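1. Build me a model from this:
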Amino acid sequence: MSRPRLRSTTRFHIPLFEALRTYQRAWLRHDVIAGLTVCVVMIPSVIAYAELVHLPPIAGLYAAFAGAIGYALFASSRHVIAGPDAAIGLLAGMAILPLSGGDLGRTVVLAVELSLLSGLVLLIAARLNLGAIADLLSRPVLIGYLNGASLVLVSTQLGKLVGIKLEGEDFFLLIHALLSDLGRVHLPTLAFGLVLIGLLVWMGRYFPRVPGALAASAVAIGVAWVADVGSWGVALVGPVPSGVPLPSWPTVQLADITALAPAAVAIAFLTFSDGILLSQTFADKHRYDIDPNQELVALGVSNVCAGLFQGFPVSASQSRSAIVDASGGKTQVAQLVAAGGLLLFLVFFSGLIALLPKVALGAILVVTALGMLEVASLRALYRIDRRDFWLAVGVTVSILVAGVVPGIILGMLLSLIGVLVEISRPLDAVLRRLPGDGKFHDMGQTSTEGETVPGLLVYRLYAPLIFANARHVVGRIRELTDTADPPLKWLIIDAQAITEIDLTAAERLASLIDELAQAGIAIKIADAPRPFREEMNRVGLTDQLGQQQFYVSVKTAVEAYRREFQVAAGAGVATGVSGREN
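-> Modelled structure (predicted):
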């Protein structure tokens, strides 16, 4: 069966409206069940995530409600659910806390500004068709971020678990403050928290299909109501307003935008990186296509909506999206049903939150953080690529020492530096002929098979030829030609892997062509792909070499060499290098 295809985001449109035109009545039952299920499951989680941003619990419901509507309207994915997320909430909280000075009103304004700014970054990226920006956040950086964020998240909740107010979000300072105040631990709060953590872990292991956060919240509210734990000194959330605030645009201060900009960019990177991966996973499973730039639009609008409704930055949620899929959800109508359920809860049932002990929120967040740890992935990195392993560890350590935003920025910079280093020192090979089939191969430096043709060198480069590697490649060719024995007459460059050549590299190659020509060595190009040929034409290298110096394959180039210099077909010098077939 063919996959339904999506058009590229070239103009403003609302995919949900287009999907509704072909909506099947049989889908409605599945979407309603999936939407109501995910609504019930998300309520305790999003309330807890608001604590990470230092906002009242009700703000988590505002963000979930508005973010769900914004994403549902504009998403190309049919299954992904947007809303508050632990990792994004932690990042937002760490960016806001130093600027708010502990003032709740200021915290609300900063959270709204950060959500709007993050959404704006995503929308600008969509307008510029920058759907590929998610690739800048490599897997090792993401693993390092998740491990660092998990440890920081646990440290920020320790105070709630022991009934001590700990200031700040600095990992080592929080640990030091807790150890210094162990004598003030509130034992009833600690006992209650440990029981709830045990319940969450037990349910996750033996009843994974039952939403543990919902069960733990229900148990905590029930115990608080029956046993009046507030009289024991266990802190409760307390009264919260009912209803949904009207959307409003805050009075934005330039100083806030400047201070929040790095966090907004980091949130945008993480939001889209997770979102596109999640969207692609469900699209592949259900055989439909997504548009990466449309996902940028959806996540951007979702964050803008969350900000307008006094929420905070949101992202795609893996757990809630999985629930929709498992419940049989078919389209984004399920997310609109979830938003409708949140609206009913806000209007009629928000009073239940008042009885929720704060230690329950801490327990939910601690277990969430432990679930975010990528220990197995870190082990795999250590086994497969030590450099990526140390990159992940470095990102984790930098987050613990300097904070989440600096850690992510450092990780992305190290990733880009690593890419530049690889590009600047690309793999290459001298191809050798196997006597058995007469073809030229690259079989690795340890092979003892293969032979060369006297006076001929076949060189293959496994990378585009650009400014970052031009000096190295030219130096490598000089080394090979200078040490050739017998002296070379032709140098054949197997260009099948060279898809690009920039001006800097073209100038260096032009100089090399002249230099080798003076030494009596002619350069020939074989198997050049179309983009490389077009670039060669534009920079004048085709005219410098001459059209007759280009061959469709290494084989035809070698045959031309044999004809010109009357080299017998079987003539060759044994050597010890070979590889993949040309």
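2. which non-adjacent residue is nearest F345?
-> In this structure, F345 finds its nearest non-sequential neighbour in I43, 6.3 Å apart by CB to CB, 6 or more residues apart in numbering. (C-beta placed from N, C-alpha, C; glycine too.)
3. tell me the pLDDT at L277?
-> Here the pLDDT value assigned to L277 is 74.
4. If we go by neighbour counts, what in stretch 556-567 is buried?
-> Of the residues in stretch 556-567, A557, V558, A560, Y561, V567 count as buried by neighbour count, 16 or more other CB atoms under 10 Å.
5. okay, those residues in a markdown table with distance to R460, pLDDT and secondary structure next?
-> Converted to a markdown table, those look like this (distance: CB to CB, whole Å; pLDDT from 0 to 100; DSSP: H, G, I helix; E, B strand; the rest coil):
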| residue | distance to R460 | pLDDT | secondary structure |
| --- | --- | --- | --- |
| A557 | 12 | 93 | helix |
| V558 | 13 | 90 | helix |
| A560 | 18 | 92 | helix |
| Y561 | 16 | 92 | helix |
| V567 | 21 | 75 | coil |
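6. isn't M536 right up against T542?
-> Yes: in this structure M536 lies within contact range of T542 using CB atoms under 8 Å: 4.8 Å.
7. So the residue nearest to G403 when sequence neighbours are not counted versus L465, what's the distance?
-> Spatial nearest neighbour of G403, excluding adjacent residues (CB to CB, 6+ apart): M94 at 5.7 Å. M94 sits at a distance of 43 Å from L465 (criterion: CB to CB, to the nearest Å).
8. could you pull out the helices for the stretch 51-200 of the chain?
-> Under the criterion DSSP state H, counting those that start in this stretch, the stretch 51-200 of the chain contains helices at 57-74, 86-100, 104-127, 139-162, 171-180, 187-206.
9. now for the helix or strand where V324 lies, which elements pack on it?
-> V324 belongs to helix 318-326 when elements are defined using DSSP states H and E. Contacts defined by 3 or more CB pairs under 8 Å, 6 or more residues apart in numbering; DSSP states H and E place helix 318-326 against helix 25-52, strand 81-83, helix 254-286.
10. let's go with 10 Å and repeat that
-> In terms of contacts (3 or more CB pairs under 10 Å, 6 or more residues apart in numbering; DSSP states H and E), helix 318-326 is packed against helix 25-52, strand 81-83, helix 254-286, helix 333-344.
11. Quick one: the strands in the stretch 351-500 of the chain, in order.
-> Secondary structure of the stretch 351-500 of the chain, counting by DSSP state E, counting those that start in this stretch: strands at 428-430, 432-433, 440-444, 451-452, 456-461, 490-494.
12. Tabulate the ones you listed in CSV, adding columns for mean pLDDT, mean neighbour count and distance to L28.
-> Putting those into CSV (pLDDT from 0 to 100; neighbours: other CB atoms under 10 Å; distance: least, CB to CB, whole Å) gives the following:
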stretch, mean pLDDT, mean neighbour count, distance to L28
strand 428-430, 90, 20, 60
strand 432-433, 84, 25, 66
strand 440-444, 77, 21, 58
strand 451-452, 78, 20, 71
strand 456-461, 94, 22, 57
strand 490-494, 95, 23, 59
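13. Figure out which of those strands is closest to V252.
-> Of all the strands of the stretch 351-500 of the chain, strand 456-461 sits nearest to V252, with 50.9 Å by CB to CB.
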